[in-house]
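*Asks:* what follows is a predicted structure for the sequence shown.
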Amino acid sequence: MAIKQLNREKILSFWLFISAFGIMFAVLSWMQEAAIIPPVDELGAWKGIAAVITGSILYFLVAREIPGGPGDE
């Protein structure tokens with residue numbers, strides 16, 4: 001039973017982290033469309049790196065604190 005709970009928490013943590021990355025990638029894409037940050041041809045792969053960094057921040061500030069989430073005791 002404890003193994004299933006541990007696997008559930010790992011899967012939930014992974015899902016929430018990937019979701020945070022996706023949200024931040026979409027926000028950065030919107031910022032590119034609004035000409036707030038440089039376009040794709042100038043920014044290149046840095047948008048993905050920025051999405052990982054800002055997504056990590058979003059995950060640790062918001063997702064870990066949700067009820068039933070990975071940080072819930």
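*Replies:* Nice, thanks for sending it over.

*Asks:* pull up the gap between the closest residue to Gly55 other than its chain neighbours and Gln5, please.
*Replies:* Nearest non-adjacent residue to Gly55, counting by C-beta to C-beta, 6 or more residues apart in numbering: Phe21, 3.7 Å away. Just so you know, the C-beta spots here come from the backbone N, C-alpha and C atoms, and that holds for glycine as well. The spacing between Phe21 and Gln5, counted by C-beta to C-beta, to the nearest Å, is 25 Å.

*Asks:* repeat for Pro38
*Replies:* When Pro38 is compared with Gln5 (using C-beta to C-beta), they lie 45 Å apart.

*Asks:* for Thr54, same thing?
*Replies:* Per C-beta to C-beta, Thr54 is found 30 Å from Gln5.

*Asks:* among the two, which residue is more densely surrounded?
*Replies:* Thr54 (17 against 9; other C-beta atoms under 10 Å).

*Asks:* what sits against that one?
*Replies:* Going by C-beta atoms under 8 Å, 6 or more residues apart in numbering, Thr54 touches Met24, Val27, Leu28.
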